[in-house]
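Engineer: Quick one: sequence plus predicted model below, questions after.
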Amino acid sequence: MVQGWLLLMDAGMSPSLGRAASQYKSGGSSAAELKSLVRFSSRIFFLLAIGFLIVSIPAAPWIASNWLSVKNLSIGSVEFSIVVMLFAVAIRWRSQPYRSIITGLEEQVWLNAFNAVLVTFRTFGSVAVALICGPNLFIFFSYQLAIAAIEAIGMYRKVAKLLPRKKSDSVSRVNPSDVRFFLKMSATLMVTTATWTLLTQLDRLVLSKVISLSDFGVFSMAVLCASGIMALSGPLTGVLGPRLTIMLERKDFEGFLKVYRASMRFSISIVFNGALTIALFSDHLMMIWCADSNVAIKASPIFFWYVIGNGFQALTAIFYNLQYAFGNLRLHLIGGCLLASTVVPSVIVAALKYGAVGTGVIWCAQAALYFFIWGWIVHSRFLKTYRWDWLFRDALPLSLPTLAIGCLLKELPIPWGHGQVNDLIYLALCVITCMVTSLVCNRDISSRALTWVGCKNT
């Protein structure tokens with residue numbers, strides 16, 4: 001939770017550094033210029049991390065004594081745990097710029113492998129430590145602090161390896177124009193990050209006050225299930241931004257448009273159509289998930305609206321990558337502010353009058369409107385020749401067939417309700433049928449599949 005709050009302190013500097021790294025890889029800037037920005041931002045991150053610790057550590061006794069409901073632990077051990085936790089979070093946050101640089105240089109394979117190792121030690125390693133040493137808070141949090149330090153050192157060494165030190169780099173200074181552009185983009189991202197945090201957390205905040213705790217538990221479960229669709233879009237958006245930036249810096253406009261369109265089609269086929277499919281069968285999915293008809297009846301309409309909204313929201317991330325590649329986030333800032341000004345009061349009213357289902361409808365409506373209306377505006381600004389094709393040649397032809405097949409399967413007399421295993425099999429068959437339809441309609445995927453089959457036959 002604290003790490004999530006610290007994203008606001010990032011102030012957009014990490015993604016700005018990632019874009020600068022992509023420019024360096026494309027030849028648009030030198031290693032000395034990138035290292036100047038790295039040194040500049042590192043100092044800022046270091047000072048912010050120190051400031052965070054100075055402010056938060058004195059609050060540890062109050063948190064342990066007043067905020068947390070401590071019953072079986074000593075206050076001293078809880079205070080120690082909080083302090084060590086704050087140090088670990090500060091170290092992990094301090095390494096965030098290095099993570100963005102590695103992503104911007106398209107070293108995602110190394111980064112994913114490194115993350116996999118760290119997550120394994122952070123989770124399964126913690127279990128092993130607890131089994132060996134017992135439930136010792138000192139050892140547990142000290143272990144987490146050590147993992148955070150290893151992560152920071154590994155990130156630093158990788159960036160140092162990617163940017164080999166040269167004698168000419170040691171005397172380089174920060175270019176004022178580069179710093180101005182860097183700070184301008186960072187400030188834009190800071191505002192949009194704050195806006196996004198407000199949009200995604202306001203419904204939870206209001207609902208926690210106006211509905212019962214049991215209903216809030218149902219809402220949390222439904223939203224958690226619906227958020228799984230966002231995991232499908234993360235890998236693509238993480239790769240797309242640096243790749244588009246590099247192609248744009250190299251003046252490869254034809255390749256730029258080809259990659260962008262292919263990414264749009266892939267996201268619609270996998271992410272959005274996947275969201276549509278599971279939304280159509282939300283009642284059966286919730287029944288299989290929780291095995292409680294009362295909970296499923298409450299959760300399925302919430303899940304329906306939130307998962308479709310997440311599908312639209314995942315597609316709008318591609319618009320952000322387009323603007324990110326051009327280094328112009330003005331429309332992204334304007335769109336986020338306009339969205340917040342209309343959604344915030346709507347969410348409050350919907351939560352007070354209609355509860356969790358009302359906030360779900362608002363979430364889906366705002367994501368859909370942003371996708372269609374702001375998508376056209378963004379493409380008209382950056383890709384004028386594509387401002388209609390993205391919708392009528394890519395989006396709708398890929399989503400409508402899947403929607404039609406899903407609705408048809410929904411109306412078939414399938415014998416639902418005869419056990420979780422049977423329902424799971426029926427649901428899997430329906431989802432597979434819809435997703436196969438989606439993939440067949442995607443000419444990028446179908447042509448590659450045909451080419452692969454032809455090679456195998458040969």
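Structural biologist: Nice, thanks for sending it over. Numbering: from 1, shown residues only.
Engineer: Quick check, pLDDT for Met13.
Structural biologist: Looking at Met13, its pLDDT is 69.
Engineer: With the one 5 residues further on instead?
Structural biologist: Residue-level confidence at Gly18 comes out at 74, pLDDT.
Engineer: Sticking with it, tell me its helix or strand.
Structural biologist: helix 13-26 (DSSP states H and E).
Engineer: list the helices and strands that helix packs on?
Structural biologist: helix 31-56, helix 96-104, helix 176-210, helix 230-249 (3 or more CB pairs under 8 Å, 6 or more residues apart in numbering; DSSP states H and E). The way it works is simple: take the backbone N, C-alpha and C, and place the C-beta from them, glycine included.
Engineer: packing partners for the longest helix seen in the chain?
Structural biologist: Determined from DSSP state H, the single longest helix within the chain is helix 330-369. Packing partners of helix 330-369 (3+ CB pairs under 8 Å, 6+ apart): helix 176-210, helix 213-226, helix 293-326, helix 375-382.
Engineer: Could you pull out the buried residues of that helix?
Structural biologist: The neighbour-count check on helix 330-369 (16 or more other CB atoms under 10 Å) flags 331-333, 335-336, 339-340, 343-344, 346-348, 350-351, 355-368 as buried.
Engineer: go on, stretch 110-126?
Structural biologist: Those would be Leu111, Phe114, Leu118, Phe121, Arg122, Gly125, Ser126, for stretch 110-126 by 16+ other CB under 10 Å.
Engineer: Mind putting these into a markdown table with secondary structure?
Structural biologist: Shown next, in a markdown table, are the buried residues of stretch 110-126 (DSSP: H, G, I helix; E, B strand; the rest coil):
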| residue | secondary structure |
| --- | --- |
| Leu111 | helix |
| Phe114 | helix |
| Leu118 | helix |
| Phe121 | helix |
| Arg122 | helix |
| Gly125 | helix |
| Ser126 | helix |
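Engineer: Quick one: the residues you listed as TSV, columns for distance to Ser22 too.
Structural biologist: Shown next, in TSV, are those (distance: CB to CB, whole Å):
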residue	distance to Ser22
Leu111	14
Phe114	20
Leu118	24
Phe121	30
Arg122	29
Gly125	33
Ser126	35
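Engineer: so can I have JSON lines of the helices and strands packed on helix 13-26 showing distance to Thr316, mean neighbour count and mean pLDDT?
Structural biologist: Putting the helices and strands packed on helix 13-26 into JSON lines (distance: least, CB to CB, whole Å; neighbours: other CB atoms under 10 Å; pLDDT from 0 to 100) gives the following:
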{"stretch": "helix 31-56", "distance to Thr316": "27", "mean neighbour count": "17", "mean pLDDT": "79"}
{"stretch": "helix 96-104", "distance to Thr316": "20", "mean neighbour count": "23", "mean pLDDT": "81"}
{"stretch": "helix 176-210", "distance to Thr316": "11", "mean neighbour count": "16", "mean pLDDT": "70"}
{"stretch": "helix 230-249", "distance to Thr316": "10", "mean neighbour count": "19", "mean pLDDT": "77"}
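Engineer: can you put those in TSV and add distance to Asn136?
Structural biologist: TSV is the format used below for the helices and strands packed on helix 13-26 (distance: least, CB to CB, whole Å):
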stretch	distance to Asn136
helix 31-56	24
helix 96-104	30
helix 176-210	34
helix 230-249	34
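Engineer: ok, residues contacting stretch 406-422?
Structural biologist: 276-277, 280-281, 284, 287-288, 291, 423, 426, 430, 433-434 (CB atoms under 8 Å, 6 or more residues apart in numbering).
Engineer: before we move on, the earlier item: same list, the helices and strands packed on helix 330-369, but as CSV with distance to Gly419 please.
Structural biologist: Conversion of the helices and strands packed on helix 330-369 to CSV gives the following (distance: least, CB to CB, whole Å):
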stretch, distance to Gly419
helix 176-210, 33
helix 213-226, 21
helix 293-326, 14
helix 375-382, 43
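Engineer: These: which one's closest to Leu48?
Structural biologist: Leu48 lies closest to helix 176-210 among those, at 12.3 Å (CB to CB).
Engineer: ok, back up a step: the longest helix of the chain: how far from the chain's middle?
Structural biologist: From the chain centre to the centre of helix 330-369 is a distance of 19 Å (CA atoms, centre = their mean, to the nearest Å).
Engineer: That one versus helix 375-382: what angle between them?
Structural biologist: Orientation check (axes from the mean of the first three to the mean of the last three CA atoms, to 10 degrees): helix 330-369 against helix 375-382 gives 150 degrees.
Engineer: what's the average pLDDT for helix 330-369?
Structural biologist: Averaged across helix 330-369, pLDDT comes to 88.
Engineer: what residue ranges in the stretch 1-150 of the chain score low on pLDDT?
Structural biologist: The model of the stretch 1-150 of the chain has pLDDT under 70 over residues 1-13, 28-31, 68-70.
Engineer: For stretch 258-265, list every residue counted as buried.
Structural biologist: In stretch 258-265, counting by 16+ other CB under 10 Å, buried: Tyr260, Arg261, Ala262, Ser263, Met264, Arg265.
Engineer: mind checking which helix or strand the second one is in?
Structural biologist: Read that as Arg261. Using DSSP H and E, Arg261 sits in helix 253-267.
Engineer: Run through who's touching that helix.
Structural biologist: The contact list for helix 253-267, computed with CB under 8 Å, 6+ apart, reads 233, 236, 240, 243-244, 247-248, 314-315, 318, 321-322, 325, 383, 386, 389-390, 394-395, 398, 442-445.
Engineer: Against Gly311, how distant is Arg387?
Structural biologist: Per CB to CB, to the nearest Å, Arg387 is found 22 Å from Gly311.
Engineer: Same drill for these two, tell me which one is more crowded.
Structural biologist: Legend: neighbour count by other CB atoms under 10 Å for Arg387 and Gly311, higher for Gly311 (30 against 16).
Engineer: buried subset of the contacts of helix 253-267?
Structural biologist: 233, 236, 240, 243-244, 247-248, 314-315, 318, 321-322, 325, 383, 386, 390, 394-395, 398, 442, 445.
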